[in-house]
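*Asks:* Any chance you can model this:
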Amino acid sequence: MGILDPSSPLYGASGRVGDLVLYQVDGKTYFRRHPRKVGKTASEKRILQQKRMVGAQTLFLSVKKCILYEALNAAAREQHVRSGYHLFLKRNIRAFGENDVIDYSLLSLSEGSRQFPHHFHLEEGQGKQVRLSWEMQPELSTRQENDRLTVAAVFPDEPYRIVILPGVDALRKDKQASFLLPVEGSGQAHLYCFFADEAGKTFSPDRYLCVDY
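*Replies:* Coordinates of the predicted model:
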């Protein structure tokens, strides 16, 4: 892997050129050699890893379209990881398996230095209504009380699409939230709950919940 000089005619390009793969990260052009074709003797472990990579990259396309992209990039800077994309792969590659199987309980969609509240749990709801509650740590009463709850969701009919749920209007200091799942569809909702500061620049880790409705 290397970095192209801005004077290179290939600077700013993306894709494959000959045996090189060009890609952009934070405004810089990186290159790496395209891997040789894997023969029939490729190990099952390598094949599985390739399938996992395809699944993770597909879901990341949805991450890039919402606030989770900001959360991962912010966490990557804090942890000195190259980018939010690389952090996402590091955290989530093992959640993907063969035949498009995803273990949603292993996914981590938000990272960050802000604290996640204590005793965060799902209350008994009714139908498509979701009720959450948590405790407010005394030491955060002034510094993070206005952090806003955000809920990302994945539904079985679109397993590689992440939706930021509308109608979630709760702050950390409220210690509870109530909202409705989308009217269309039924079955399961995989929820990833996290908090962000008022400016939407720093975030907490997320908490996974599975809701049947």
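*Asks:* Let me know how buried the residue lying closest to K173 once chain neighbours are set aside is, in neighbour terms.
*Replies:* Leaving aside its chain neighbours, K173 sits nearest to E145 (3.9 Å; criterion: C-beta to C-beta, 6 or more residues apart in numbering). C-betas here are computed from N, CA, C, even on glycine. E145 is flanked by 13 other residues according to other C-beta atoms under 10 Å.
*Asks:* Kindly report the same for P205.
*Replies:* P205 sits with 19 neighbouring residues when counted by other C-beta under 10 Å.
*Asks:* In contact with the residue nearest to K173, which residues?
*Replies:* 136, 171-173 (C-beta atoms under 8 Å, 6 or more residues apart in numbering).
*Asks:* and if you look at L180?
*Replies:* Counting by C-beta under 8 Å, 6+ apart, L180 touches 128-130, 167.
*Asks:* do V130 as well
*Replies:* V130 is in contact with 122, 178-181, 189, 191, 211, counting by C-beta under 8 Å, 6+ apart.
*Asks:* that's a helix at it, yeah?
*Replies:* No: judged by DSSP: H, G, I helix; E, B strand; the rest coil, V130 forms no part of a helix; its state is strand.
*Asks:* Which residues does it form beta bridges with?
*Replies:* Per DSSP bridges, the residues bridged to V130 are F179.
*Asks:* ok, now how distant is it from L87?
*Replies:* From V130 over to L87 the distance is 28 Å, taken as C-beta to C-beta, to the nearest Å.
*Asks:* helices or strands up against the helix ranked longest in the chain?
*Replies:* Using DSSP state H, we find that the single longest helix of the chain is helix 44-63. Helix 44-63 makes packing contacts with helix 84-92, strand 158-164 when contacts are defined by 3 or more C-beta pairs under 8 Å, 6 or more residues apart in numbering; DSSP states H and E.
*Asks:* where does G200 land on pLDDT?
*Replies:* On pLDDT, G200 comes in at 92.
*Asks:* quick one: it is in a helix?
*Replies:* No: applying three-state DSSP, one finds G200 to be coil, outside a helix.
*Asks:* Nearest to L68 among the contacts of E145?
*Replies:* Nearest to L68 among the contacts of E145: R172, at 18.7 Å, using C-beta to C-beta.
*Asks:* From V54, how far off is that closest one?
*Replies:* Using C-beta to C-beta, R172 is found at 37 Å from V54.
*Asks:* between those two, which one's more packed in?
*Replies:* Neighbour totals were compared for R172 and V54, and R172 leads with 23 against 11 (other C-beta under 10 Å).
*Asks:* Excluding chain neighbours, what is closest to S178?
*Replies:* Among residues not flanking S178 along the chain, R131 sits closest, at 4.9 Å (C-beta to C-beta, 6+ apart).
*Asks:* From the structure, what's the count of residues near that neighbour?
*Replies:* Using other C-beta under 10 Å, R131 has 14 other residues around it.
*Asks:* do the same with the one 5 residues further on
*Replies:* When counting by other C-beta under 10 Å, one arrives at 16 neighbours for M136.
*Asks:* Hmm, it is touching L171, no?
*Replies:* No: the pair M136 / L171 is not scored as a contact, 9.9 Å apart, by C-beta atoms under 8 Å.
*Asks:* sorry, back to before: pick the most deeply packed of the helices and strands packed on helix 44-63.
*Replies:* Most buried of the helices and strands packed on helix 44-63 by mean neighbour count (mean count of other C-beta atoms under 10 Å) is helix 84-92; its value is a mean of 19.
*Asks:* All set, thanks.
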